[in-house]
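1. how does the following fold in three dimensions:
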Amino acid sequence: MVKPIVRKVILCSAMFCVLPFVGLSQNLSSIRGVVIDSKNSDPIPFATVALKSRYFGVITNEDGSFTLPISISDTVRQFEISCLGYESRVVNIQGIETDKLLTYRLKPILYDIEEVRVIAEKQRAKSAAEIVSKAVKSINSNYPNFPFLLDGYYRDYLKVDKGFYREYLKIDDGYVNMYEALVQLQDNGFNTVEKEETSIGLLYGTYNKLFPVDTNLITNYNENKIVPYGETGYNGGNELYFLLIHNPIRNYLDSSFAFIKRIQYEFLTDHQFTLLGKEFIDSVLCYKIGISYPESENLKSENPQYSTGSASSVGGAAGSRSNYKATGYIFIQADNFRIHNLSYQVYYQKLRLWGLNVSYKDVAGVFYLNYLSFNNLIEEATYLDEHYFYLKKSLVDKVNKRLTLFFNNPIDVKSVKNQRSFRLKFDGNRLRVSQVAAGGKYVQLSIGNFNETLDYMESQDSDRLDIVIKKIRDIYGNKIDDIKTVRSYQYREFFVSNASTHFDSIPKNQLLDRNKSIFLDLNTKQVLPDSLKFNSPLIGKD
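-> Numbering: from 1, shown residues only. Take a look at the predicted model:
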């Protein structure tokens, strides 16, 4: 008798409930490590690392890294590493060199594919597109349509070009403006529009002192900050609110971001779906379906270049949407078509523009948000003196019949070749520059028709003087008034630790302004006490 070949398949998911901070006492130390797959050495993100028998722990970052603070006086001498799809591992704390980066390997759990097949055969065969269509059109019935409160940990930070910051800010990594907080989201239910109905409360918030803060990079969208190769209809600076409006499942009644847009319409018509298999998540069978964004001639939706919602869309000078690519996957429960996880990334040619990762979890029969992240490429002007050369002020010298121009940086004297670098007008009348003298941070211009023009100028008449400067540089090589930009990725993450339906409304003094940066809202909020510690991304320390 020929026996059937039983194949093995590895299942893994990041869907679990976590507590992303640790209560601490004094005499603090920490265990630092990276969790990886024992088979292929890939990092394992979103694994739980917790003190054994204690509800204190952290979650691993996207690169599998973690920092677990411990107390020397703590009686718990073990911690446990766990992740869905892997065997848990218990580690003895005794003997570990604290603050040294260590590697921990988890073994994948293998499931018998024959078991998966038997369960799957009970379901009527559907195409991938039919499964996705059924899932997104069932959002209203599969998620809570009543008020609920989510408690969780939120963080956002910038990862800026390393070369730029190493050279000018004298730091060794690109992490900047790391903000961490305990927040509450008061949601009136999926039958409401989140961007209009959901309230955001800040319990505790703090800057992470391990990372630099550059206030020049704290600004609103569409002011000093743009989305390259795209655009956003949001003009505020609250990154947590920006994160929430980019959740296409919660915002299924509205447009989220390109190219998902409205998940019940353009998402279905503008994408191709491929059934990749069936996997168990939290002991329930789910379809794993691949998502791809096809060529532009296959698109069926109207207005293919711009989305209509508050979030990110393509546009501007990027040109045809055929230059864009989007990939991802979606996990959908086989028996009731609940969406467990959606991961989606958008690229312009080979450049990553933005990406989403959202997961939901069953809590007492209700599907609540478990984890939400959204990151996107941004471009901001930098006004550091080393990068920006500009005129600071001008001074009229009536005794010597000169106009002196003062700059922020020392001038490259060789770049000041002649009078044609300066075009000056007073009350619309052109000033004749007869001589130029440059040195240090100033330029002196002798004015040939001074008596007929500037001699009548008073200190309060500065708006009557028009100064245009061309082709001069500072000693750093910057052209005058040439504002440079720095590109970075803005990361935002929200980890839910508790969901409840019986709650008090968030007090008004804890509510966040949806348009104001949380950084700038700190003066009215409580600062995170030293007894709480967040898990921050590794910054290349040994």
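
2. can you tell me which helix or strand the closest residue to T485 other than its chain neighbours belongs to?
-> Spatial nearest neighbour of T485, excluding adjacent residues (C-beta to C-beta, 6 or more residues apart in numbering): E379 at 4.9 Å. Every C-beta, even on glycine, is put in place using the N, C-alpha and C of the backbone. Element membership of E379 [criterion: DSSP states H and E] is strand 366-382.

3. then that strand to PDB, C-alphas only?
-> In PDB, the C-alpha atoms belonging to strand 366-382 read as follows (Å, rounded to 0.1, in the frame of the first residue of the first chain):
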ATOM      1  CA  VAL A 366     -15.700  40.400  19.900                       C
ATOM      2  CA  PHE A 367     -13.000  41.300  17.300                       C
ATOM      3  CA  TYR A 368     -10.900  44.300  18.600                       C
ATOM      4  CA  LEU A 369      -7.800  46.000  17.300                       C
ATOM      5  CA  ASN A 370      -4.700  44.300  18.500                       C
ATOM      6  CA  TYR A 371      -1.900  46.100  16.700                       C
ATOM      7  CA  LEU A 372      -1.700  49.000  14.100                       C
ATOM      8  CA  SER A 373       1.400  50.400  12.400                       C
ATOM      9  CA  PHE A 374       1.800  52.800   9.500                       C
ATOM     10  CA  ASN A 375       5.100  54.200   8.200                       C
ATOM     11  CA  ASN A 376       5.700  56.500   5.300                       C
ATOM     12  CA  LEU A 377       8.500  58.400   3.600                       C
ATOM     13  CA  ILE A 378       8.400  62.100   4.300                       C
ATOM     14  CA  GLU A 379      10.500  65.000   3.200                       C
ATOM     15  CA  GLU A 380      11.200  68.100   5.300                       C
ATOM     16  CA  ALA A 381      13.300  71.200   4.900                       C
ATOM     17  CA  THR A 382      16.300  71.600   7.100                       C
END
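
4. what average pLDDT does that strand get?
-> In this model, strand 366-382 has an average pLDDT of 89.

5. next SSE after it?
-> strand 391-397.

6. circling back: from the middle of its chain, how far away would the strand holding E379 be?
-> 4 Å (C-alpha atoms, centre = their mean, to the nearest Å).

7. ok, now which ones touch the residue nearest to T485?
-> Applying C-beta atoms under 8 Å, 6 or more residues apart in numbering to E379 gives the contacts 225-228, 485-487.

8. that one and S517: what is the separation?
-> Distance of E379 to S517, computed by C-beta to C-beta, to the nearest Å: 17 Å.

9. quick one, phi/psi of the residue of the chain most remote from its centre?
-> The outermost residue of the chain, judged against the average C-alpha position, is N451 (58.0 Å), by C-alpha atoms, centre = their mean. Main-chain dihedrals, N451, degrees, to the nearest 10: phi -60, psi -30.

10. for the stretch 401-542 of the chain, give me the ranges with low pLDDT.
-> 460, 521-542 (pLDDT under 70).

11. at 80 what do you get?
-> Residues of the stretch 401-542 of the chain that meet the criterion pLDDT under 80 lie in 417, 459-462, 484, 519-542.

12. what do you get for the stretch 251-400 of the chain?
-> 282-283, 294-322, 381-387.

13. report the contact partners of the spatially closest residue to V486 that is not a sequence neighbour.
-> Nearest residue to V486, sequence neighbours excluded (C-beta to C-beta, 6+ apart): T382, at 5.0 Å. Counting by C-beta under 8 Å, 6+ apart, T382 touches 164, 216, 388, 483-486.

14. show me which residues of stretch 446-460 are buried.
-> Of all the residues in stretch 446-460, those buried under the rule 16 or more other C-beta atoms under 10 Å are 446-447, 449-450, 453-454, 457.

15. in strands only, show me those.
-> Judged by DSSP state E, the subset of the buried residues of stretch 446-460 located in strands is 446-447.

16. so which of the buried residues of stretch 446-460 belong to helices?
-> Among the buried residues of stretch 446-460, none falls in helices (DSSP state H).
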